[in-house]
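> what's the 3D shape of this:
(one chain, ligands or ions: 1)
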Amino acid sequence: MSLYIRMVAIFFTVLLIISLSPCLLYSDVIKGTSPADKTPTWYAMDWVLNSKYSPIFEVLDTESALGRYAPMTKTITLKDLIKFHGHPCDGLIQAACALKMAFDKLFPNGVIDRTDIRVLSSNSPCYVDAASYLTGARINFGTLEIDNSLGTSWIVQVISTGKTVKVTRRSGVFPKGLEALEKKIKSGRGTPEEITRCRDMEWKFAKRLLSRPLESSFKVQELKGFHWPGSKYKKVGKRGDIRFKNAPYCNK
Ligand SMILES: [Zn+2]
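As a prediction, this is how the structure comes out:
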């Protein structure tokens, strides 16, 4: 059955369920109903999307600005993430892999609830973009906080339950030669040839991450009783788009 026919069938099945049980709450969301974009292109190479351990994410949101939970998930690939971030890089791919491990621990049903997550990350454009895009966490809603002491690790919490995990890159995973080269380029003393070599080394490192089990590169631990730090941003607001996520479909 083609994907289109399958999606139409699922859509009408959902409508039928609603008409038969108008008070249904969608605690059992349907996964895998949107296609995963794994078609390579110049900014999302084949190894990025189709390596053995390239992560894929099933995310859950609300269905409108004041709406309930959507009945189905959306599927996000590294290609979607790269479109948001701007380039494929080892930082983005490291963050995506690490966060995938956090999600597997926090959401055993495989559905990442983007209405119910907050994240702590160090202030890297690549790390923060991955965290924000994949989780829905934002500084302006107090769900994304910056802590540079974290280095290459992330703390992720399910807001409603308080369950918290920390994912950290294992020592020795980051290539030593790359570290030295990045340092030289950051100092402003890198040659054009070195900038190109640095890009290639970063891609080689990222490719390696995606070609072996994520547990080889990152470790995840639960943080019991973790106290979430207050936001330092003065204009924190409250998300209105998740306020009615549990609203029933009728008053019965
Ligand atoms: Zn980047």
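
> Near the ion, which residues of the stretch 101-250 of the chain? Just list them.
Within the stretch 101-250 of the chain, the positions adjacent to the ion are Cys126 by C-beta under 5 Å from the ion. For glycine as for every other residue, the C-beta is placed from the backbone atoms N, C-alpha and C.

> do you know how far the residue of the stretch 101-250 of the chain found nearest the ion is from Glu202?
Nearest residue of the stretch 101-250 of the chain to the ion, counting by C-beta to the ion: Cys126, 3.3 Å away. Distance from Cys126 to Glu202, counting by C-beta to C-beta, to the nearest Å: 10 Å.

> what bits of this protein have low per-residue confidence?
Low-confidence segments of the chain (pLDDT under 70): 1-4, 6-27, 252.

> Try it again at 80.
For the chain, the stretches with pLDDT under 80 are 1-28, 249-252.

> so where do the strands sit in the chain?
In the chain, the strands defined using DSSP state E lie at 57-60, 74-76, 112-113, 117-121, 144-146, 153-158, 164-169, 218-222.

> list residues touching both of Cys126 and Glu202?
By C-beta atoms under 8 Å, 6 or more residues apart in numbering, Cys126 and Glu202 have these common neighbours: 89-90.

> tally of neighbours for the nearest residue to Leu66 once chain neighbours are set aside?
What sits nearest to Leu66 in space, not counting adjacent residues and going by C-beta to C-beta, 6 or more residues apart in numbering, is Phe244, at 5.5 Å. When neighbours are defined as other C-beta atoms under 10 Å, Phe244 has 15 of them.

> just checking, Phe244 touches Ala65?
No: look at Phe244 against Ala65 with C-beta atoms under 8 Å: they stay out of range, at 9.7 Å.

> I'd like to know how far Gly110 sits from Leu60.
From Gly110 over to Leu60 the distance is 10 Å, taken as C-beta to C-beta.

> ditto for Leu144
With distances taken as C-beta to C-beta, Leu144 is found 18 Å from Leu60.

> Kindly report the same for Gly136.
10 Å.

> Quickly list what's touching both of these two.
114-115.

> circling back to that earlier point, quick one, which of Gly110 and Leu60 is more surrounded?
Leu60 (23 against 14).

> Tell me the bridge partners for that one.
Asp113 (DSSP bridges).

> OK, contacts around it?
29, 69-70, 73, 111-115.

> All the helices of the stretch 51-200 of the chain, in order from the start?
78-85, 90-106, 125-135, 176-186, 192-210 (DSSP state H, counting those that start in this stretch).

> Any chance of the ones you listed in a markdown table with mean neighbour count as columns?
Output for these, formatted as a markdown table (neighbours: other C-beta atoms under 10 Å):
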| stretch | mean neighbour count |
| --- | --- |
| helix 78-85 | 20 |
| helix 90-106 | 23 |
| helix 125-135 | 22 |
| helix 176-186 | 13 |
| helix 192-210 | 16 |
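
> any chance of those helices in CSV, with distance to Gly225 too?
Listed next are these as CSV, based on distance: least, C-beta to C-beta, whole Å:
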stretch, distance to Gly225
helix 78-85, 32
helix 90-106, 16
helix 125-135, 21
helix 176-186, 34
helix 192-210, 31
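
> and Gln157, which of these is closest to it?
The closest of the helices of the stretch 51-200 of the chain to Gln157 is helix 90-106. By C-beta to C-beta, the value is 8.1 Å.

> Might you report the residue contacts of the residue most central in space within the chain?
The centre of the chain sits closest to Leu134, judged by C-alpha atoms, centre = their mean, with a distance of 2.6 Å. Counting by C-beta under 8 Å, 6+ apart, Leu134 makes contact with 57, 59, 76, 81, 96, 99, 103, 112, 114.
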